[in-house]
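**Q** Structure for this input, please:
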Amino acid sequence: GNWLVNEGLSIFVILVWLGINIFLFVYYYMVYLSERFFYTRVLIGHALSWARAPAACLNFNCMLILLPVCRNLLSFLRGSCQCCSRNITRQLDGNLTFHKLVAYMIALHTAIHILAHLLNFEWFMDAQLDANNTLPYVLSQIGNEGTNRSYLNPIRSSETSPTIVAFTTIAGLSGVVITLALILMITTSMEVIRRSYFEVFWYTHHLFVIFYIGLVIHGVGRIVRGQTEQSLQDHKPKICASQFQQWGPNNTDCPVPDFAGNPPMTWKWVVGPMFLYVCERLVRFWRSQQKVVITKVVTHPSKTIELQMKKKGFKMEVGQYIFMKCPSVSQLEWHPFTLTSAPEEDHFSVHIRIVGDWTQGIFEACGGNKKEFQEAWKLPKMAVDGPFGTASEDVFRYEVVMLVGAGIGVTPFASILKSVWYRYSNNTTDLVTKKIYFYWLCRETQAFEWFADLLQSLEGQMLERGNADFLSYNIYLTSWNEAEAAHFTVHHEEEKDPITGLKQKTLYGRPNWDNEFRTIAGNHPSSRVGVFLCGPQGLATTLGRQCIDYSDADPRGVHFIFNKENF
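**A** Numbers count the residues shown, from 1 in each chain. Sure thing, here's the model as predicted:
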C-alpha cells in the first residue's frame, strides 16, 4: 500500500504503455500472417511478421518520444492540472525518465526490425537464385517480363546482392541513415558522456531531425508487398500455390497474381508530435530573441557565480528553471539552471557552478576572473527560455515539507525559502505549509557561504515572529581535512556555528535517514509529507525507499510523497 501511494500511478502509466506496445506487436504480427501475404511468406517466411510488428511499435514510440521534451507543453499541462490530484502532476516530473524508456524501446524494436530485414533480403536473394521449377523462383520472376505487371520480390535481378540493394534503394539507404543516427544519439546520451562531454551529447542529439526525415521516407519504396484485394478474389493462394506451373491467362481459376506495396504509414503517426515540436521550437526561438539585461554579477566561493537578470514580462513560480544561452560562448548550446530568486523579487537569478568549458566561458565573459569592477555594458548578451515547471512548484501544496539538497542542488530551495521570507515580511500568513524540514549536504565549507545569509535572515525573522518551529534545518558537512576539524573543535562551544554563522550547528557526516523519517512521522501522524530532492540518483534511491518504508498503510496515517527534480 505504501508503495502504491508513491509509485502506483507511475507504474500504471508504464503498464499501459507496455500494454499498447504488446498489443501493436501481436496485432501486426497476425496481420502479416493473413492470406494477402501468403506468397510473401513463401519467399521469406515468418521474418515478414518479425519485421513489420516492431515497425508498428516503432511508429507508436516515435510518436511519443518528442512529447516529454516539449517543455512548454508540459508547463501548460502542469498549470492545467493544479486543480487535480498531486499524483497526476507528479507524473509530469518523470518526463525525462519516460523519454529514456521510450528511447530504449525504440532501440529494441529497431534491432528486431533490422535483424528480420537482414534475413528477408538474404531470402529474397535466394529466391532469385533458386531453381527454375520452384514456387519462390516463379514468384520472383513476376514483373520481369518487361510488362507493367507488379512484382513481389524487391530484388529484381540475380546479378546484384543484398548489400547493393541496401545502399541503392530508398528503404535501404534511409534505414542505414536512421540507424546510424539512432546509434549516435543513444551512445552519446550515456551519463558518463553527457556529464563529461555535454557538447557532444547536445550536438549529436540534434540528429533527431535526420532521424525523423529518414523515418518518414523509409516506407516510400514499398518493399513490403502483398497480393491486391482484386487479385485475391481471382486467385486463391492456398488453392493455387500448388498449381504455380499452370499459372497464366489461360488458367481462369489461377491467373498470375498481382501484388502491391503497402503505402507509407509512419507520417500519420508522427505528424502530430512533429507539429507540436515545431511549435515548441518556434516559441523557444521567440523567447530567445527577447532582450535580457544582466543587472548584477556576484562571485561566490566554491566556484559559483550568481547572475541577476531582468526580462520584460518575465513571471516565475518557486522552484522553476530556465534555459540559458550565451552567444559569445556558444551560438547553439542551451543549458538548464534552476531559478534561485523568489517570485516576489523584481529580478530573476541563477547560481552557476563552474564545472566545464561552457560554464568557464560564462565565468570569464562576466568578469569573474577579474578583480576590478566590471562595467555593465561589457557584460555578455544572454538569451533566456522559460521559465519551466518542476516538482518544486508543488511545495506549498503540502502542510509538511522535507527539502533535501546536495551541493549546488540547493538552488531550487533557495527560491522556496526566499519566497517564505517575503511572505512573512508582507504578513502573508495564508500558507498551506505549516512546517519545513530542510537538509543540505555539502562537501566543502565554502559552499555554505552564499546560502548562509538567507538562512540567517529567515532564522531571525522566524524568531521575531515567535514562529521558530516553522523551519527546521540541518546542514551536513560530508568531507573535511585535519585543519578544518581542529578549527571546528576549538569553536564548537560558541553560540553561533563557526562555518555558517547560524545558531543551528553544522552536523558532520551524513544524515541517518531512518531516524529523520521516523521523527517526522511521529511529529505529523496524519499528514501528507512532500519530500523534495535536488541531488544525485543514489540519494534519490535512498529517499524513495524511505518514503515507502515510513508511509502508513492506513490511508488516514502519515504518507511521504517523493518528488525529484529532473531537467
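
**Q** Pick out the residue nearest the middle of this structure.
**A** residue 96 (2.0 Å; CA atoms, centre = their mean).

**Q** Kindly confirm whether my reading is correct that that residue touches residue 71.
**A** No - between residue 96 and residue 71 there is no contact under CB atoms under 8 Å: 10.7 Å. The C-beta positions use only the backbone N, C-alpha and C, and glycine is treated the same way.

**Q** and residue 139, what element?
**A** helix 135-141 (DSSP states H and E).

**Q** Heading C-terminal from that helix, find the next helix or strand.
**A** Downstream of helix 135-141 (by DSSP H and E), the next one is helix 162-168.

**Q** And that next one, what does it pack against?
**A** Packing partners of helix 162-168 (3 or more CB pairs under 8 Å, 6 or more residues apart in numbering; DSSP states H and E): helix 95-128, helix 170-187.

**Q** And that helix, what's buried?
**A** Across helix 162-168, burial judged by 16 or more other CB atoms under 10 Å covers 162, 165-166.

**Q** Compare the helices and strands packed on helix 162-168 and give me the one nearest residue 231.
**A** Closest to residue 231 of the helices and strands packed on helix 162-168, according to CB to CB: helix 95-128, at 19.2 Å.

**Q** Show the backbone phi and psi for residue 264.
**A** phi -60, psi 130 (degrees, to the nearest 10).

**Q** could you pull out the strands for the stretch 251-400 of the chain?
**A** Assigned by DSSP state E, counting those that start in this stretch, the strands in the stretch 251-400 of the chain fall at 259-261, 292-300, 304-311, 321-325, 335-338, 348-353, 383-388, 400-406.

**Q** out of the ones you listed, deepest packed?
**A** strand 400-406 (a mean of 23; mean count of other CB atoms under 10 Å).

**Q** As a quick check, tell me the outermost residue of the chain.
**A** Using CA atoms, centre = their mean, the residue of the chain lying farthest from its centre is residue 250. It sits 61.7 Å away.

**Q** Quick check: that one vs residue 541, distance?
**A** Relative to residue 541, residue 250 is positioned 74 Å away (CB to CB, to the nearest Å).

**Q** Equivalent analysis for residue 67, please.
**A** Between residue 67 and residue 541 the computed distance is 26 Å (CB to CB).

**Q** Between those two, tell me which one has more neighbours.
**A** Higher neighbour count among residue 67 and residue 541: residue 67, with 18 against 10, using other CB atoms under 10 Å.

**Q** which residue packs closest to that one, ignoring adjacent ones?
**A** Leaving aside its sequence neighbours, residue 67 sits nearest to residue 273 (CB to CB, 6 or more residues apart in numbering; 5.8 Å).

**Q** Same check on residue 24?
**A** residue 56 (4.7 Å).

**Q** The one you found reaches residue 26, doesn't it?
**A** No - with contacts counted by CB under 8 Å, residue 56 stays clear of residue 26, the gap being 10.0 Å.

**Q** Looking only at neighbour counts, state which of those two leads.
**A** residue 56 (22 against 11).

**Q** Helix or strand next in line after the helix or strand of the chain with the lowest mean pLDDT, which one?
**A** Ranked by mean pLDDT, DSSP states H and E, the weakest helix or strand in the chain is helix 482-491, scoring a mean of 57. Next helix or strand after helix 482-491 toward the C-terminus (DSSP H and E): strand 507-508.

**Q** just how off-centre is the very next helix or strand once past that following strand within its chain?
**A** Proceeding N to C from strand 507-508, the next assigned helix or strand is helix 513-523, under DSSP H and E. Helix 513-523 sits 32 Å away from the centroid of its parent chain (CA atoms, centre = their mean, to the nearest Å).

**Q** who's in contact with stretch 363-371?
**A** Applying CB atoms under 8 Å, 6 or more residues apart in numbering, the external contacts of stretch 363-371 come out as 294, 297, 299, 305, 307, 326, 328-329, 352, 354, 374, 378-380.
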